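A.B. asks: Got a sequence here, can you model it:
(6 chains, ligands or ions: 6)
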Amino acid sequence: MTTSCPECESSVTLGATPRISEILECGDCASELEVVSLNPTTVALAPNVEEDWGE
Amino acid sequence: MTTSCPECESSVTLGATPRISEILECGDCASELEVVSLNPTTVALAPNVEEDWGE
Amino acid sequence: MSEKRTRVAVAGASGYIGGELLRLLLDHPYVEVVLATSDSFAGKRVHNPHPNLRGRTELAFSPHDSLGDAADLDVLFLAMPHGHTMKKMPWYLQRAGVVVDLGGDFRLRDPAGYPRYYGTEHPAPELLSSFVTGLPEWHRDELRTADRIAVPGCMATAGILTVRPLAEAGLLDGPVQVDARTGSSGSGAAAGSANLHAERSGAMRVFAPTQHRHEAEIAQATGLPVHMTATGVEAVRGVQVLCRAPLAGGVREADVRAAYRKAYAEEPFVRVVAQRTGVYRLPEPKILAGSNYCDVGFSVAGDGSQVVLVGALDNLVKGGAGSAVQALNVRFGWPETTGLSFPGLHPN
Amino acid sequence: MSEKRTRVAVAGASGYIGGELLRLLLDHPYVEVVLATSDSFAGKRVHNPHPNLRGRTELAFSPHDSLGDAADLDVLFLAMPHGHTMKKMPWYLQRAGVVVDLGGDFRLRDPAGYPRYYGTEHPAPELLSSFVTGLPEWHRDELRTADRIAVPGCMATAGILTVRPLAEAGLLDGPVQVDARTGSSGSGAAAGSANLHAERSGAMRVFAPTQHRHEAEIAQATGLPVHMTATGVEAVRGVQVLCRAPLAGGVREADVRAAYRKAYAEEPFVRVVAQRTGVYRLPEPKILAGSNYCDVGFSVAGDGSQVVLVGALDNLVKGGAGSAVQALNVRFGWPETTGLSFPGLHPN
Amino acid sequence: MSEKRTRVAVAGASGYIGGELLRLLLDHPYVEVVLATSDSFAGKRVHNPHPNLRGRTELAFSPHDSLGDAADLDVLFLAMPHGHTMKKMPWYLQRAGVVVDLGGDFRLRDPAGYPRYYGTEHPAPELLSSFVTGLPEWHRDELRTADRIAVPGCMATAGILTVRPLAEAGLLDGPVQVDARTGSSGSGAAAGSANLHAERSGAMRVFAPTQHRHEAEIAQATGLPVHMTATGVEAVRGVQVLCRAPLAGGVREADVRAAYRKAYAEEPFVRVVAQRTGVYRLPEPKILAGSNYCDVGFSVAGDGSQVVLVGALDNLVKGGAGSAVQALNVRFGWPETTGLSFPGLHPN
Amino acid sequence: MSEKRTRVAVAGASGYIGGELLRLLLDHPYVEVVLATSDSFAGKRVHNPHPNLRGRTELAFSPHDSLGDAADLDVLFLAMPHGHTMKKMPWYLQRAGVVVDLGGDFRLRDPAGYPRYYGTEHPAPELLSSFVTGLPEWHRDELRTADRIAVPGCMATAGILTVRPLAEAGLLDGPVQVDARTGSSGSGAAAGSANLHAERSGAMRVFAPTQHRHEAEIAQATGLPVHMTATGVEAVRGVQVLCRAPLAGGVREADVRAAYRKAYAEEPFVRVVAQRTGVYRLPEPKILAGSNYCDVGFSVAGDGSQVVLVGALDNLVKGGAGSAVQALNVRFGWPETTGLSFPGLHPN
Ligand SMILES: NC(=O)c1ccc[n+]([C@@H]2O[C@H](COP(=O)([O-])OP(=O)(O)OC[C@H]3O[C@@H](n4cnc5c(N)ncnc54)[C@H](OP(=O)(O)O)[C@@H]3O)[C@@H](O)[C@H]2O)c1
Ligand SMILES: NC(=O)c1ccc[n+]([C@@H]2O[C@H](COP(=O)([O-])OP(=O)(O)OC[C@H]3O[C@@H](n4cnc5c(N)ncnc54)[C@H](OP(=O)(O)O)[C@@H]3O)[C@@H](O)[C@H]2O)c1
Ligand SMILES: NC(=O)c1ccc[n+]([C@@H]2O[C@H](COP(=O)([O-])OP(=O)(O)OC[C@H]3O[C@@H](n4cnc5c(N)ncnc54)[C@H](OP(=O)(O)O)[C@@H]3O)[C@@H](O)[C@H]2O)c1
Ligand SMILES: NC(=O)c1ccc[n+]([C@@H]2O[C@H](COP(=O)([O-])OP(=O)(O)OC[C@H]3O[C@@H](n4cnc5c(N)ncnc54)[C@H](OP(=O)(O)O)[C@@H]3O)[C@@H](O)[C@H]2O)c1
Ligand SMILES: [Zn+2]
Ligand SMILES: [Zn+2]
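C.D. replies: Ligands and ions are numbered 1, 2, ... in the order given. Presented below is the predicted three-dimensional model:
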C-alpha cells in the first residue's frame, strides 16, 4: 500500500495493515510521518521534535 | 617621497632616491610596482609573473 | 582608570563564549572576574573545561543561581543559549550596573523578527530598544554611556562589518547574498550527533540554506535585503562571509576601497585585505584565531556589475567575547585595545 | 563485450587525475592499462606516487614521448595541465581511436571563451566542435559514438548537474550565483607555497572571487548567466557548489523536486538529497570520497522568490576520472556502472 | 557457491562497525542482508545514519528484539558495545548457525583477562575457548569450520599483524612497546564531550597511557609481554601502531624482511611497506580508508639492538568489518577477497 | 630596564621560526626590531609571508647580506636551515653582542654528534662549548651572562623538559623510548611534495623511525640512552612526546609527581598535567598553539615497572621562538614572562 508524502509528494510505502498513530519515514525527504486515518490511509507530518543539526 | 599606486590608488612610499626599474610593493594591495620615470617619479604595475595561489 | 578593578561576572562561563570571556577578562588589567557560573561544572576549577586557563587563576565555577547573591557587581556578561535571557532579563538587569548579553535575545530592534527568526514571540519587547548594539565600529558613541549592550552574532558581525561601509556609501544597488562559513565552535559546547567529530570533521554542511538568524541582524544594520546561507566547514574557530551584491551604476573598484578606508582607517580591529599577489589575498579566518581582528576585502567582477566582498573573524573573539570586551573598554573609557592585542598566528 | 580487453593509455599518469584513472581502470574488467606516462617518475612503479596501488599492478611509468611508439591503443586519456593539449591535440588524436581529454582545453564550444577564461587564443578552434562533453547524464546519446570526449571540470560538473534540470524545466528566472568550495587535490600534485600543508590547512581561500574558468562551462551548459566564486576549504577531495537563483513566478518546492526527479530518476550516479531530518540533509562531499556519485539538493526560501541548490561530488571521481570512465562505458556499450560501484564511506 | 544467497543479520547496525558491515555486505555477491537492528533508528532507512548507503538498498532498521523473530538466519554479526554480548551470547548463538562477534567479549582465551582489562568477571568463561579468532592470516584453517568467531580489536589487529611474524621467527628478545594512534571513529557513534568536534579536532589525546584492552590481545597472539599506549589523533578512520622491541642477537634487517615475507607472501591483504625513497616509506592509514589492507613495515636502529615496526589499517575495515567479512569468506569457502577489493584512495 | 630599546635583528625572518620571532619581538616592550632578513622576500613587507602581522608594523625584509651593514645591533637571532650557521658563525658573532641561534648547529657539546646526526663534520668544533643552551628551566644562571645561545630543537625541548626531572632525581633505570609527534610547521616553509597539503593532510608519517637529530639533544641533557621516533601527524603547530622508561626499584607515582614539582614549581612556563578526570588529562598541544607553555604529565603502569611521560608544546613558541625570547629576557634581566603571556586557546 502506498500513499503520498505531504512534505515532498513522493510516494511512501506503508505496511500491509497500517495502524493509526504509526510513525513512518519518507524515503525521499526523511520527514517523519504519522498515519492519521485509515480508509483511505492518509499520513500527516509527525510533530517535529526540533532537532539540532549543526548550527 | 610618495606616489600613488596605479592599481589601488593608495599612497606608496619611495626611498629618497628612486631609481628607474626599481621594484616596490604597494603596502595596501601588494601589487609589484616598477619605477618607470623620475621627475616626477611615476610607477607602473610591474609585469606580473603569473603566480598560482591555490586553484 | 581607577585603582580599584571593575568587578565582573560571567554567566554561562563553562561554554565556549564564556571560556573566551574568561581568557580575555583574566588578563585584562582593569577588571577582576569575581564570579563564573555553570551548573554542570559547579565547584570545579575553570581550567577543567577550559584547559588553556590552567595556572592562570584559582577561580572555580559557581551555580548559576549564585548570581542572586553576588554583591557589588559592576558588569554582568551573559553567555547562555538564546531563548533564556529573553525571559529572565529583568532579573539579570538587577544584578549589575552594566549588562552585556552575548546571545541573540536582544539583538533585533523590531519585535517581529523574533517569531520569524527565533520561532517565538519576544516576552519583553519593550526592553529591545534599551539595548545598544555591542559593535564599537558602528555604535561607539552610544556605547560610551550604555548600560545594556547586545553583542551581534558571529556571522552577523562579519557580515555587518563587511557590507555596511558600502551600504552607507550608497554603492550597492540591491539585495545582498551572504554565503557564511563557520567552524564547529560556533555551535557551542553541547555534544550531539551533528557535532560528533567523525560526523562534523571535513564537513561542508549547509545547515541553514535559508532563514539563518543572523540574516536579520545584517539586514537591520545595513538597511538592505539580505539572503543568507550558512555552511559548517572544517575548522574549530573561524567565520568567513562571502557577500555578493549588485553595484550601483558607475561604481569602480577604487570607490569600494575608498568606502572601506573611510569607514575603517582609524579602526584598531578592522583591516582591509585585498591584495593582488601572495597567498593570503583576501580575508581568511585561519590566521585570526584568538585575535580580535575582522579582516574585510573585495573584488569587483570584470564587467563592474557586481562586487564580491569577503569578511573573516574568529567567532569567539571579534564574533563574540572580543567585541564584548572592546565594548566594555569603550563603555569604561579604557584604551579600546586593552586586553585585545593578540595578533593571531601564522602558520596555524 | 569482447574477450580481448580494450587497450588504454593514460598520459599524465603521475598526477592526481592520472592516479585516479589508474585506480579505476586497473580494476575495470574490460580494459587493460598498457601505458602510463610521466616524465618525472619515468621508470618508477606506479605505486611510488600512488601508494594505494601497491600490490595491484606491476605497471611502471614511461616517459611522455613514449606515447609516440605505443601501438594498438584503443583509448587515450589525457590528464595534463591545461594549455598543453590545445597545442598538441592533432598529435594525440593520431595515437588512439578514442581520445578522452580531462583538461579544460576542449571543453568550451565558443572559442571566445579561451582568451577570456584561459588568457590565450585557442590554437585549434576548428577542433572544438568535434569534442563531445563527457557527461553521460546530459550527453549519453552523443557519447555512444564519440571518438573525442572532453570531460567537464570538477566544479563545472557539480554546477551543471545541480542547475541544469531546473534550467531545462524553465524554473529559473535570472542569473545563477555559484559559490564553489573545493579540496586541495583540485589543484593537482605540483607543490608550491599556496599548497603547502601549513598554509593550506584549515584555509577558506577565496582564490577566485570572480572569473573562475568553470563559470564558462556552467553557463554554456545551462544557458543562464553565471557568477561563480571558488573557495579552497579544508579537505583533500571534494567539491560542493551552493547555487542561488531567482525562481520563476509561481514555482513551488514540489516543482523543483519534480524537475530533479524527471532529470535523474534513472541515473545511476545522481541522487537527490533534500531531507527534513537527520544530520546529512543536503549534499556533502565528505561521504562521497572515492565514489562516482553527484548528490544534488535544494531548499526554497520562505517567500518562494529564490531557490538554494546544493551539489556535491568527489572532484577526482565524478568530477574527473569517474565521469571519464562512465563516458567510456557508454562509448563501448558496457554497463554504465562498470568499475564505478564503490559507494563511498561513512564516517569519513 | 550456492544459488541461494546466505542470509545474514547485523545487530547494532546503526553504529560505525554496523554501518561498515552493511556497506560491505550489501555489495557482497553471495550474501543477502535480511535484518539490521537498531533501537534508536528503528523504522528508519539505513541511509539515515549511513548516508553513503543512500540509493543502495531499501532496508530499514528493526528493533533489536526483532532478532528473536528472525527465521532462517545463516549468519549473525554482533556489533554492539562490549559488556553486552558476554551476558547474552547463549541467546545470540541460537539465532544463527554462525555468529561473528566484533566486540571484545569473546576475544581473550584466559578469563583472567576480563577482570584486569574489562573491569568485570566474564559471565560465561566456558564459552571463551569455543570462539575462533577472526583473523584469517593466523587462523585460516580453524576458520574454515568455525561457527563462533571473535574478531580482534582494531589496534590489536594492527599490532598482531605487525609483531607476530617476528615473534614467530624468534627474532625478538623481550617486551614489545606499542604506541597506537587512532582516529575518532574508533570510539563509535555515541556523542559525548570527549568526541565533540571542537574538542577532538587536532587532538593528540593519550587516552590510555597504560592498560589499553588491546594490549591483552597482542600479548595473547604473540606470546610476548606488551606495553601499549593509545593516543587519539586527528583522523576519522585509521589506526597506526608503532612497535619497538629488542632484537635477538645477530638479527639483521634482512632477517626481519624475510620473516615478513615468509608470513605474508601469499596474503591478499597484508603488504610489506619499507621503502628507502618516496613520500610513503612506512605504513600510513590515510591511504587505506575503506580498504581491507593492513600494511606493515620496519626499520632497524643503527646499532642493530632494536627494531621499530609500523603497522597501519582502517579500523572499521581490516580492524573490524573487513576482517569479519574476510573470515566469513573463509568460513563459507568463497574467494577470500570477495567484496573486499577496494584499494583505498590517494590522495585522501 | 633602559629607556632605549634593545636593537634586535632576525636573520631568516621569512621562515616559520623567523615569523614567530617577529610576532613576539614586535610586541615586546623592551626591544626594537631593526632588521629582518630574507632573500626571497627582499623589499616586501613582513606581512606578505606572515599575514598575521598586517597592520602591526611597517617593516620590510632586507636581503640577507644587508646584515653586514647593520650598525649597533644588540642581538641577532639566527633562524636558518641547519648546516648554514656552522659555516658562518664567526661572521655572525661580529654582527651583534648577543647571538641566539635557533638552528641545530651549535646545540651539541660533543663534536662527534655532528657526523652521526647531521651527516657532516662540524667546521668549528672549538665554538661548540662557548654556546649556552637556551632553555631557562635548566640553564637560567648561565643564560644571565651568555652572549652565545643555542636554543634546543622543538622535540628536544619537549623531551628534555619531560624526562630530565626524573633523570635528575634518579627515578629512571634504563633507556628512554621517545615517541614524538609533530605538526607540519616543524619542517619549515619550504614547499615540497612531502609537505603538499593533499599528501601531508591526515598523515601519520613515521619520517624518522630511528636516528632523529633531537635524540642526541635529549640524551645529552638527561644523561640517559634515548631511542627516538618521530611521526608527522595532522596539525600545523604542536609537538607531543610520549616517553617510556623503566622506573628504578621502589619508585611510586607520588615520587614522580614530587620530582616534577621540585623541578617546576616556580617555573612560569611548565605546568604539570596529570588529571584523573576530564577530557584533557595529559598534555596536548592543541590548546598550546601560540603559548609558551610546555605541559608535562605522567602515568605509572599498573605493575610499577614502567612510567609513561607525556610532554606537549607549540614547536614554534616554547619549541623555538618563545624559548629564545624567554632566554633573552633572562639575559637582559627583564621579567621572564615579558612578551610571552598569551595563554593559548580553547577550543582550538
Ligand atoms: N559560539 C559562538 O561562536 C558564539 C558567538 C557569539 C555569540 N554566541 C552566543 O553566546 C551564547 C553562548 O554560546 P556558546 O557557544 O558559548 O554556548 P555553550 O558552549 O553551549 O555554552 C552555554 C553556557 O550556558 C550555560 N547554560 C545553558 N543553559 C542554561 C540555563 N538554562 N541557564 C543558565 N545557564 C545555562 C551552560 O552552562 P552549564 O550547562 O554548565 O550550566 C554554558 O555555560 C549563545 O547565545 C550564542 O548564540 C556564540
Ligand atoms: N585535480 C582535479 O580535481 C581535476 C579534476 C578534473 C579535471 N582536472 C584536470 O585534469 C588535468 C590534470 O590535473 P591534475 O590535478 O591531475 O594535475 P597534476 O596532479 O599536476 O598532474 C599533471 C600531470 O601532467 C603531467 N605533465 C605536466 N606537464 C606536462 C607536459 N608539458 N607534458 C606532458 N605531461 C605533463 C605530469 O607528469 P610529470 O610531470 O610526472 O611528467 C602529471 O602526471 C588538468 O587539466 C586539470 O584541469 C583536474
Ligand atoms: N569502532 C571501531 O573502530 C571498532 C573496530 C573494531 C571493533 N569494534 C567493536 O565493535 C562494537 C561496536 O562498535 P561501534 O564503534 O560500532 O559502536 P557504536 O557506533 O557505538 O555502535 C553501537 C551499536 O550497538 C547498538 N547498541 C548499543 N547498546 C546496545 C544494547 N544494549 N543492546 C543492543 N544494541 C545496542 C547501537 O544501536 P542503537 O543504540 O541504535 O540501538 C549501535 O548500533 C564494539 O564492541 C567495539 O569494540 C569497534
Ligand atoms: N620549524 C620549527 O618548528 C623549528 C623549531 C625550532 C627550531 N627550528 C630551527 O629553526 C631554523 C629555521 O627553521 P624554519 O622552520 O623557520 O625554516 P624555514 O621556514 O624554511 O625558514 C628558513 C629561513 O632561512 C632563510 N634561509 C634559507 N637558506 C638560507 C641561507 N643559505 N642563508 C640565509 N638565509 C637562508 C629563508 O629565507 P629566504 O629563503 O627568504 O632568504 C627563511 O627565512 C632551522 O634551523 C630549524 O631547525 C625550527
Ligand atoms: Zn517526503
Ligand atoms: Zn596598491
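
A.B. asks: what ranges do the strands span in chain A?
C.D. replies: Secondary structure of chain A (DSSP state E): strands at A:2-4, A:11-13, A:23-25, A:32-37, A:42-45.

A.B. asks: Deepest in the core, which of these is it.
C.D. replies: strand A:23-25 (a mean of 19; mean count of other Cβ atoms under 10 Å in any protein chain shown). For the C-beta atoms, the positions are set from N, CA and C on the backbone; glycine is no exception.

A.B. asks: Tell me which other helices or strands it touches.
C.D. replies: Identification of packing neighbours for strand A:23-25 by 3 or more Cβ pairs under 8 Å, 6 or more residues apart in numbering or on different chains; DSSP states H and E yields strand A:32-37.

A.B. asks: do the strand it packs on and chain D meet?
C.D. replies: Yes - counting by Cβ under 8 Å from any Cβ of the partner chain, chain D is contacted by strand A:32-37 at A:Glu32.

A.B. asks: SS state for C:Ala9?
C.D. replies: Three-state call for C:Ala9 (DSSP: H, G, I helix; E, B strand; the rest coil): strand.

A.B. asks: Relative to chain F, how far out is C:Glu266?
C.D. replies: From C:Glu266 across to chain F, the span is 12 Å (Cβ to the nearest Cβ, to the nearest Å).

A.B. asks: Contacts only, for the most centrally placed residue in chain A.
C.D. replies: The residue lying closest to the centre of chain A (Cα atoms, centre = their mean) is A:Leu33, at 2.2 Å. Residues near A:Leu33 by Cβ atoms under 8 Å, 6 or more residues apart in numbering or on different chains: A:Cys5, A:Pro6, A:Glu7, A:Val12, A:Ile23, A:Leu24, A:Glu25, A:Cys26, A:Val43, A:Ala44, A:Leu45, A:Ala46.

A.B. asks: Distance check, the closest residue to it other than its chain neighbours against chain E.
C.D. replies: What sits nearest to A:Leu33 in space, not counting adjacent residues and going by Cβ to Cβ, 6 or more residues apart in numbering or on different chains, is A:Val43, at 4.2 Å. Here A:Val43 is placed at a distance of 13 Å from chain E (Cβ to the nearest Cβ).

A.B. asks: Please name the residues that touch A:Val43.
C.D. replies: Applying Cβ under 8 Å, 6+ apart, we find A:Val43 in contact with A:Thr3, A:Cys5, A:Pro6, A:Val12, A:Leu14, A:Leu24, A:Leu33, A:Glu34, A:Val35, A:Val36.

A.B. asks: Now distance to ligand 6 and mean pLDDT too, for the strands of chain A, in CSV please.
C.D. replies: CSV is the format used below for the strands of chain A (distance: least, Cβ to the ion, whole Å; pLDDT from 0 to 100):
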stretch, distance to ligand 6, mean pLDDT
strand A:2-4, 60, 87
strand A:11-13, 60, 86
strand A:23-25, 57, 85
strand A:32-37, 57, 90
strand A:42-45, 56, 90
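
A.B. asks: Mind checking those for the one nearest to ligand 2?
C.D. replies: Between ligand 2 and the strands of chain A, the shortest separation by Cβ to the nearest ligand atom is 35.3 Å, and it involves strand A:23-25.

A.B. asks: on that earlier part again, how close does the residue nearest to A:Leu33 sit to chain F?
C.D. replies: According to Cβ to the nearest Cβ, A:Val43 stands 42 Å off from chain F.

A.B. asks: can you check C:Gly249 too?
C.D. replies: Taking Cβ to the nearest Cβ as the measure, C:Gly249 falls 33 Å from chain F.

A.B. asks: Likewise for C:Ala198?
C.D. replies: 13 Å.

A.B. asks: Thought E:Gly19 was touching that residue, still the case?
C.D. replies: No - using Cβ atoms under 8 Å, C:Ala198 is not in contact with E:Gly19; the gap is 10.8 Å.

A.B. asks: So between these two, which is more surrounded?
C.D. replies: Neighbour totals were compared for C:Ala198 and E:Gly19, and E:Gly19 leads with 29 against 25 (other Cβ atoms under 10 Å in any protein chain shown).

A.B. asks: wait, what's in contact with the closest residue to the more buried one other than its chain neighbours?
C.D. replies: Leaving aside its chain neighbours, E:Gly19 sits nearest to E:His50 (4.2 Å; criterion: Cβ to Cβ, 6+ apart). Taking Cβ under 8 Å, 6+ apart, we find E:His50 in contact with D:His346, E:Ser14, E:Gly19, E:Leu22, E:Arg23.

A.B. asks: and the second one, what does it touch?
C.D. replies: Taking Cβ under 8 Å, 6+ apart, we find E:Ser14 in contact with E:Ala36, E:Ser38, E:Ser40, E:Phe41, E:Pro49, E:His50, E:Phe61, E:Ala189.

A.B. asks: Equivalent analysis for the third one, please.
C.D. replies: Counting by Cβ under 8 Å, 6+ apart, E:Gly19 touches D:His346, E:Ala13, E:Val46, E:Pro49, E:His50, E:Leu53.

A.B. asks: any idea how far the last one lies from chain D?
C.D. replies: According to Cβ to the nearest Cβ, E:Leu53 and chain D sit 6 Å apart.

A.B. asks: Look up the pLDDT of that residue for me, please.
C.D. replies: Model confidence at E:Leu53, given as pLDDT, is 98.

A.B. asks: Same check on the third one?
C.D. replies: Note on E:Val46: pLDDT of 97.

A.B. asks: Any regions of chain C where pLDDT drops low?
C.D. replies: Counting by pLDDT under 70, chain C has low-confidence residues at C:1-2.

A.B. asks: Going along the chain, name the strands of it.
C.D. replies: C:6-11, C:31-37, C:75-78, C:98-101, C:132-133, C:148-150, C:176-182, C:204-208, C:226-233, C:239-246, C:270-272, C:294-300, C:306-313.

A.B. asks: distance of the residue nearest to C:Thr338 when sequence neighbours are not counted from C:Arg144?
C.D. replies: Distances taken as Cβ to Cβ, 6+ apart put C:Asn329 closest to C:Thr338, at 5.1 Å, once the chain neighbours are dropped. Separation of C:Asn329 from C:Arg144 (Cβ to Cβ, to the nearest Å) stands at 11 Å.

A.B. asks: State the number of residues packed around the residue of the stretch 101-250 of chain C found nearest ligand 2.
C.D. replies: Shortest the stretch 101-250 of chain C-to-ligand 2 distance, computed as Cβ to the nearest ligand atom: residue-wise this is C:Met204, at 15.6 Å. C:Met204 has 26 neighbouring residues, counting by other Cβ under 10 Å.

A.B. asks: tally of neighbours for A:Leu38?
C.D. replies: Neighbourhood size, A:Leu38 [other Cβ under 10 Å]: 12.

A.B. asks: nope, C:Lys44 is what I was after
C.D. replies: 15.

A.B. asks: Skipping its backbone neighbours, what lies nearest it in space?
C.D. replies: Nearest residue to C:Lys44 in three dimensions, chain neighbours excluded: C:Phe61, at 5.8 Å (Cβ to Cβ, 6+ apart).

A.B. asks: Alright, that wraps it up for me.
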